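A.B. asks: Okay, structure incoming, though there's no sequence with it:
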């Protein structure tokens, strides 16, 4: 007779890639409960959630628009997590990038696009790095827990943004709490006319490919992965742990900063308080869901972009609160995390 | 009727069978040794008895009645107490608080009352401890006493001691043995896990020998001798490797020099006090000592993973005082660390681990040269007889194969100096022989080898000269020809006569 | 302007601002002393604020509302336990996930129950106690909400539980050396689970104080990072219950001072002032960075081999 037994041992590698795929239906099963609470039919809701957005060209493009910053925050978080640096601050670094972009958009009047757009990208990158710097340096120099400091830096930048928008940067024309419109030379060009899809998505895909190349193909990538998997082992092998981790943390912040610059230069053209409604936190979900692999991150970002768009579709079509999207995302994160533990188990036959 | 009887115990860990249909019995009031090498399955068997592991097959009887022990709580209820190698005491709590940790009952704890009871128990069993003392202020020997008293406090009639002497100096061992004999007179039964033949012959009545998860047999002390036990334990009479020659007092050049090195331990207390050593080309210098006397710190200092507070380290003519691991590698120092799990990256592949400390040789313009890395792995896997594929994650390897990966990485770079820290701990006999032969090979090739080991037999078998470390100080250096276990034992206990 | 009046007002406001921080930090204390860093605190406080408000609004009883918040907080703690204790998920990410989930669930349910009305729904909150007559100059200090007094009393209770009771001993043991606790026959999972549930309940009360006492209504920015401040306070307080009071008062004081100065018409960039607690926290973390008194097993999932 065939007897099976579950025991603690590394599961085959292919299980790893299967986990997110199992996680999605499990998540939907769980979140059905709260949809039922609203008296709505979960199946109809999921139809609007997952299928409707893709049914029309305009909403499908909107999914890509929503995914653009997510590709970047996901890449930023995954990059940092790969080296064991728990950057929870992508949200704040994104805001820093957005602030820098709004500022550049104000001062770079009459700049041609071929100068203005690179300036926005580099400015966002630099600002994100800058905002990531305090946590990173405290981590490597004084071993201060980066999770807490990056979290707190998020709260600080939100206050800074609202200070700028209610004070020095308040739009002098409309008096809305938003910065003046950025110069036309700094606007990211559209990929498809009369849609919101902009240059940012190309940038995001290119950056994703670069992070893949760095992580998987370069010696720097091997070093950062070694640090992420065993700091002690990496240090023993002569890898400069602090220097590598500092670099990774700053680059991660920079990538998140570009996401913020992209939202200003490609979507809003102003700095506004709600420039990111948790895009940085979604980055953590995406990085986890994507198994920290840049290509997995790419797929996960598209999926979360779909959920974000879908939440609005569901809300419009059925009156289900739009926050269903947040619940689905966070449940997906927790389910995926739990399922990832399965890779420590395997099933074997007992004779 | 037996106090404990275990029948047909089987325990598997993934592919490893740690306990293979083992039978074992313990009589009332006897001290019974469980003898075997590292990895023979002694601890596994006892962890099953104490409820820390669950047996896959087999039965346990306590006082003749079948018993299901699925947690330490069950074991304690059955009158079984265990003192493990890693003490299970909470350092921030007092002795008395540790005693009542597992009890259930009233919401409040009447601590003065407990302290009184502990003091009474301490008196009755002749095991002196202070009930109010915080565990973290106690020495290792004192903590062991607390552990034993804790078991007795919970009315243990069967006491399991897992390698109790590993952390003690010989004088403390005497105290322990006296206490055990007194407990035996009180009617207690003791299971004494050890791999030291002399100890076992000293104190135990019966001896059960385990090898590779099998029970080799149980013998009466009167019917056996050390030689026979050794044969049962390792399956042959002595070490597989032997040094070829006894070298003259070395006139060759000094490759590793440690001068007046001081360093602190994790708590910031002095761990190395003015340590000075010299290792010459073509010799093995063995550093003997009881665990926790500064070996770990010395090894870390020499490997570049810990800073000194004073002193100088020089290897191969290069000053390596407080050097980073990268510079230590570059200076031609090969390092085989004590904790191979922590010092490799378990989740990376064998091939990646094999190049991790010499990435410069496998990178072009910052990009990894995958072909070269794979080729290197294939060559070394063959040369060092590693049972693994280049792509296997290192953490899936057995201890022996993991150590071979470490050896391969280190020795393939032809180091001038080798720092080997507990290189055979936890390895099976075959792997142990292999590692030892590789170290001798390095010596023949002219490297200076520093061997840090707590295994005196290993030190005696391999070294040309032997240094002894005690409380962070070098007690002396002897040529191997003058070293006897007795002499070394005295030095390891801090005696300077 | 009268400096005495100003100081009295400042002390009174400090106590009010400190109340949710005291509850939140004591909740985190339970979690962390048992070895689990619960970053779900921000979301759990938010959940407590929401559930307290929603239950009070539907039942018409503030006390039932508070009970609802306690139950919700316990459930949040149990979920954290399921993930980080039973399954052994990374505590950082699990906690953060719980914050996201609790926040999302609260917002979703709020919309479900109260719809999208223009005027935010409100309830009649707990009154301030009337210990001294209004005429007494010290009245603003003594006449606080009952929950503020309960919060301060809870500090003493938590100190007693942790240092004097059997349960406290068990929590300390599993937070310092779970292997030892296991070998002694304690159920590490169960003890951590209980600690997390109690911790979650306390966090939720901290959140519920905001809706049920201070404001009487529920807004989306109601918790506004207070949970993160608690995470810092626990380090500041060196994991000691009594020190939580001092930490919470100092932090509350900074916040209250800024509020007072603002109402007095000082032209302050108040948004930047709001960041002050976070900056102070980062500095406190930096100074406490090498502190060795954190529970040794913090962040480590316990697994038997």
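C.D. replies: Perfect, I can see it now. Everything numeric in this text was worked out from a predicted model, so none of it was measured.

A.B. asks: excluding its backbone neighbours, what's nearest the residue in the stretch 51-200 of chain B positioned nearest to chain A?
C.D. replies: Scanning the stretch 51-200 of chain B for proximity to chain A using Cβ to the nearest Cβ identifies residue B:56 as nearest, at 8.2 Å. For the C-beta atoms, the positions are set from N, CA and C on the backbone; glycine is no exception. Closest residue to residue B:56 apart from its sequence neighbours, by Cβ to Cβ, 6 or more residues apart in numbering or on different chains: residue B:10 at 4.9 Å.

A.B. asks: Would you quantify the distance from that neighbour to chain A?
C.D. replies: 11 Å (Cβ to the nearest Cβ, to the nearest Å).

A.B. asks: Touching the helix or strand hosting that residue from outside, list them.
C.D. replies: Following DSSP states H and E, the helix or strand that holds residue B:10 is strand B:2-13. For strand B:2-13, the external contacting residues (Cβ atoms under 8 Å, 6 or more residues apart in numbering or on different chains) are A:7, B:17-28, B:41, B:44-45, B:48-49, B:53, B:55-64, B:80, B:157-158, B:189, B:191.

A.B. asks: repeat that for 6 Å
C.D. replies: B:18-19, B:21-28, B:44, B:55-61, B:158, B:189 (Cβ atoms under 6 Å, 6 or more residues apart in numbering or on different chains).

A.B. asks: so what's residue 128 up against?
C.D. replies: As the question left the chain open, I've gone with chain A. A:93, A:96-97, A:253-254, A:256-257.

A.B. asks: my question was about chain C
C.D. replies: C:143, C:145.

A.B. asks: phi, psi of it?
C.D. replies: phi -80, psi 150 (degrees, to the nearest 10).

A.B. asks: residue ranges with poor pLDDT in the chain?
C.D. replies: Using chain A here. A:1-13, A:344-351 (pLDDT under 70).

A.B. asks: try chain C instead
C.D. replies: Looking at chain C by pLDDT under 70, you get C:1, C:267, C:288-292, C:304-305.

A.B. asks: Could you show which parts of it are in contact with chain A?
C.D. replies: Residues of chain C lying close to chain A by Cβ under 6 Å from any Cβ of the partner chain are C:87, C:89, C:92, C:97, C:100-101, C:104-105, C:107-108, C:111-112, C:225, C:228, C:231, C:269, C:271-272, C:274-275, C:278, C:281-282, C:285-286, C:289.

A.B. asks: thinking again about what came up before, okay, now the residue of the stretch 51-200 of chain B closest to chain A: neighbour count?
C.D. replies: Other residues lying near residue B:56 total 17 when counted by other Cβ atoms under 10 Å in any protein chain shown.

A.B. asks: Next up, the contacts around it.
C.D. replies: So residue B:56 contacts B:10-12 (Cβ under 6 Å, 6+ apart).

A.B. asks: All the helices of the chain, residue numbers only.
C.D. replies: If you meant another chain, say so; for now it's chain A. Remark: helices assigned in chain A by DSSP state H are A:14-37, A:42-46, A:52-55, A:57-82, A:90-107, A:113-142, A:146-166, A:200-217, A:219-229, A:231-236, A:241-262, A:279-289, A:294-318, A:324-340.

A.B. asks: nope, chain C please
C.D. replies: Using DSSP H, helices in chain C cover C:3-33, C:41-59, C:62-80, C:91-114, C:139-142, C:146-164, C:166-176, C:178-183, C:188-209, C:226-236, C:241-263, C:270-274, C:276-288.

A.B. asks: mind checking how far the residue of the stretch 51-200 of chain B closest to chain A is from residue B:116?
C.D. replies: 44 Å (Cβ to Cβ, to the nearest Å).

A.B. asks: Equivalent analysis for residue B:439, please.
C.D. replies: In terms of Cβ to Cβ, residue B:439 sits 55 Å off from residue B:116.

A.B. asks: same deal with residue A:69?
C.D. replies: Relative to residue B:116, and taking Cβ to Cβ, residue A:69 is found at 67 Å.

A.B. asks: still on that earlier bit, okay, the helices of chain C in JSON lines with mean neighbour count and distance to residue B:87 next?
C.D. replies: Below are these laid out as JSON lines (neighbours: other Cβ atoms under 10 Å in any protein chain shown; distance: least, Cβ to Cβ, whole Å):
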{"stretch": "helix C:3-33", "mean neighbour count": "24", "distance to residue B:87": "22"}
{"stretch": "helix C:41-59", "mean neighbour count": "28", "distance to residue B:87": "34"}
{"stretch": "helix C:62-80", "mean neighbour count": "23", "distance to residue B:87": "30"}
{"stretch": "helix C:91-114", "mean neighbour count": "24", "distance to residue B:87": "26"}
{"stretch": "helix C:139-142", "mean neighbour count": "17", "distance to residue B:87": "51"}
{"stretch": "helix C:146-164", "mean neighbour count": "17", "distance to residue B:87": "23"}
{"stretch": "helix C:166-176", "mean neighbour count": "24", "distance to residue B:87": "13"}
{"stretch": "helix C:178-183", "mean neighbour count": "26", "distance to residue B:87": "8"}
{"stretch": "helix C:188-209", "mean neighbour count": "27", "distance to residue B:87": "17"}
{"stretch": "helix C:226-236", "mean neighbour count": "27", "distance to residue B:87": "29"}
{"stretch": "helix C:241-263", "mean neighbour count": "19", "distance to residue B:87": "28"}
{"stretch": "helix C:270-274", "mean neighbour count": "18", "distance to residue B:87": "49"}
{"stretch": "helix C:276-288", "mean neighbour count": "19", "distance to residue B:87": "29"}
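
A.B. asks: of those, which approaches residue B:320 most closely?
C.D. replies: Closest of these to residue B:320 is helix C:276-288, at 32.1 Å (criterion: Cβ to Cβ).

A.B. asks: That closest one packs against which elements?
C.D. replies: Applying 3 or more Cβ pairs under 6 Å, 6 or more residues apart in numbering or on different chains; DSSP states H and E, we find helix C:276-288 packed against helix A:146-166, helix C:226-236.

A.B. asks: Find the nearest non-adjacent residue to the residue in chain A positioned nearest to chain B, please.
C.D. replies: Residue of chain A nearest chain B, by Cβ to the nearest Cβ: residue A:238 (3.5 Å). Using Cβ to Cβ, 6+ apart and skipping the chain neighbours, the partner closest in space to residue A:238 is residue B:326 (3.5 Å).
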